[in-house]
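J.: can you look at this prediction? I've put the sequence above it.
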Amino acid sequence: MKKIVFSISTLVIIITTCLLFVCSPAANAKKLRSFVYDKGQNKETVFLYDSTTCVLTPHLKYEYVVSENGQSKTKKAYRWNADDKTWIPSYIFIVTNVGDSQIQEFARWSAVKNEFCLNRQKAIFDRIDGSNISNYISFKWNERNKKWEVVDGEQFEKNIALLINHSKNIK
C-alpha cells in the first residue's frame, strides 16, 4: 500500500515539474509583446511592443471621419504590411443616424478591385417609440444580382406583418 501511494505521489511530482517547465516559457512569452496605442483626434495607431528588443512595430491604424452635421461617422481600418512598410486598407464601417433609426454599413477591402467591396453588410436599427428597445433588419450584398438581400427573411416578414397590423389599429 505504501509503495502505491509513494509511486502515485512521485508521479504527481514529476508531472507537476514537467508542466512547470513546459508552461513557464509560454506564460512569459505572452508578456514579451504588448500593444501601445497612439490616439489622436481623428486617428488611432496600434503598435506591437516587443519588450526583449524594445521595438515598436506598427500593427493597425484607424481613421475616423464625422460629417459636419454629426449624423454620419466613418471608421477605416488599416493593417501594416511589414514587407512594403505601408498601410493596407482592411475594412470600413459607417454609421448613419436618421431620426430614431441607425444604419450601419460594413465592407472589407479588395486588393484586386482596389475598393471596399468584399463581404458588404448593412443593418438598420429602429428604436421603438423612444424606448431602449430596437428592431433591426440585416442585409448582405449579393454580388451576382447587384442587390441588397435580407439576411433573416422570416424575421423581416414578421416585422412587415407587425407594421401592417399596427397601422390598421391606428386608423
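T.: That came through, no problem.

J.: which residues of the protein score low on pLDDT?
T.: 1-13, 15-31, 130-131, 133, 153-156, 159-160, 163, 165-171 (pLDDT under 70).

J.: which residues in it form helices?
T.: Here the chain has its helices, by DSSP state H, at 2-32, 153-170.

J.: check contacts around residue 72.
T.: 66, 94-97 (CB atoms under 8 Å, 6 or more residues apart in numbering). Backbone N, C-alpha and C define where each C-beta goes, glycine included.

J.: which one of those sits closest to residue 157?
T.: In terms of CB to CB, no member of the contacts of residue 72 lies closer to residue 157 than residue 96, at 25.3 Å.

J.: gap between stretch 112-124 and the chain center?
T.: Relative to its chain's centre, stretch 112-124 lies at 15 Å (CA atoms, centre = their mean, to the nearest Å).

J.: out of the contacts of residue 72, which comes closest to residue 140?
T.: Using CB to CB, the contacts of residue 72 come closest to residue 140 at residue 94, 15.5 Å.

J.: isn't residue 94 right up against residue 105?
T.: Yes - applying CB atoms under 8 Å as the test, residue 94 and residue 105 come out as touching, 4.4 Å apart.

J.: before we move on, back to that, which of the contacts of residue 72 count as buried?
T.: 94-95 (16 or more other CB atoms under 10 Å).
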